[in-house]
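Visitor: sequence first, predicted coordinates after that:
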Amino acid sequence: IVAGILGLVQNALMLFRRCIPPHYTACMICYVVCEVVVAIVALIWFLFGTYWVYSILFEVCFNKYDGHCYCNSVCYWFAFVMITLSYILIIIILISVCVVLAISWQHFDRPQIEPAPYGEAEYEEVVRNRQASEGRGGLPPEPTPPPADLVGLLRSAEGLGNLRRYNSTSQRTEQSEMTPDPP
C-alpha cells in the first residue's frame, strides 16, 4: 500500500514537472526537493520491508489458528520474491555498470595508433615508444633519421623544387617498374 502511494506521488510529481514553465526556478526547486523526499521515503520503506520479511522467514506461520505470527502465505511469499528479485536486479545493474566502466577505462587507456601502415613487430615497437614517451615505462624512443637522399634534397639551395622533381622522378620510376620492357 505504501509503495503504491509513493508511486502515485512520483507520477503526480512528474505531471507537475511538465506543467512548470522553465523560468519558474522556485517551482523547480520545490519539485526537486519533493522528488528527493519521496525517493528517500521509498528507500527507507524498502529497507524496513526487507528487514521485516527476511527477519521472520523461519518464524512465520501460515495457519490462522497456530499463533500470533500468522501471515497470509500468498502475501508473504509475494513480498519475499519481489524483494529478492529487486536485490538481484540491483546486483545485475551494479555488475553491468562496473563492466562498462572497466571496458571504457581500458579503451581510453590504449594509445590511439592505427596499425595499418606497420607490420605487427613495427606496431608493437611504436606502441612501446609511445608508452615510454608518456612516462609509462621503458626507455625514451630514439629519433629515427630520415633517409639520406631526402636530407640532401632538403639541405640543397633549391629545396622545394628539387623535392618536387624527386617526387615526380620516383613516381616515374615506380610506373616504369610496373610496365614490362618491350622485347
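Guide: In hand now; what should we look at?

Visitor: what helices or strands is the strand or helix carrying L89 leaning on?
Guide: Using DSSP states H and E, L89 sits in helix 73-109. When contacts are defined as 3 or more Cβ pairs under 8 Å, 6 or more residues apart in numbering; DSSP states H and E, helix 73-109 sits against helix 25-55. C-beta here means a position set from N, CA and C on the backbone, and glycine is covered the same way.

Visitor: quick check: angle from the helix it packs on to helix 73-109?
Guide: Between helix 25-55 and helix 73-109, the angle formed by their directions is 120 degrees, by axes from the mean of the first three to the mean of the last three Cα atoms, to 10 degrees.

Visitor: which elements pack onto helix 25-55?
Guide: Secondary-structure packing of helix 25-55 (3+ Cβ pairs under 8 Å, 6+ apart): helix 2-19, helix 73-109.

Visitor: if we can go back for a sec, and the very next helix or strand once past the helix holding L89, what's buried?
Guide: Scanning forward in sequence from helix 73-109 by DSSP H and E, the next helix or strand is helix 120-133. Of the residues in helix 120-133, those buried under the neighbour-count criterion (16 or more other Cβ atoms under 10 Å) are V126, R128, N129.

Visitor: which of the residues in stretch 84-94 are buried?
Guide: Buried residues in stretch 84-94, defined by neighbour count with 16+ other Cβ under 10 Å: none.

Visitor: would you list the buried residues of helix 120-133 in JSON lines and tack on pLDDT?
Guide: Shown next, in JSON lines, are the buried residues of helix 120-133 (pLDDT from 0 to 100):
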{"residue": "V126", "pLDDT": "74"}
{"residue": "R128", "pLDDT": "76"}
{"residue": "N129", "pLDDT": "76"}
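
Visitor: any regions of the protein where pLDDT drops low?
Guide: Residues of the chain that meet the criterion pLDDT under 70 lie in 67, 107-121, 123, 135-183.

Visitor: ok, now with 50
Guide: Counting by pLDDT under 50, the chain contains low-confidence residues at 115, 139, 157, 162-163, 166, 174-175.

Visitor: before we move on, the earlier item: now the buried residues of helix 120-133 as CSV including distance to Y65?
Guide: Shown next, in CSV, are the buried residues of helix 120-133 (distance: Cβ to Cβ, whole Å):
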residue, distance to Y65
V126, 81
R128, 79
N129, 82
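
Visitor: quick one: which of the residues you listed is nearest C69?
Guide: Comparing the buried residues of helix 120-133 against C69 with Cβ to Cβ places R128 closest, at 68.9 Å.

Visitor: if we can go back for a sec, can you put the helices and strands packed on helix 25-55 in a markdown table and add distance to V37?
Guide: Formatted as a markdown table, those follow (distance: least, Cβ to Cβ, whole Å):
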| stretch | distance to V37 |
| --- | --- |
| helix 2-19 | 9 |
| helix 73-109 | 21 |
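
Visitor: ok, the buried residues of helix 120-133 vs V60, which is closest?
Guide: R128 (64.4 Å).
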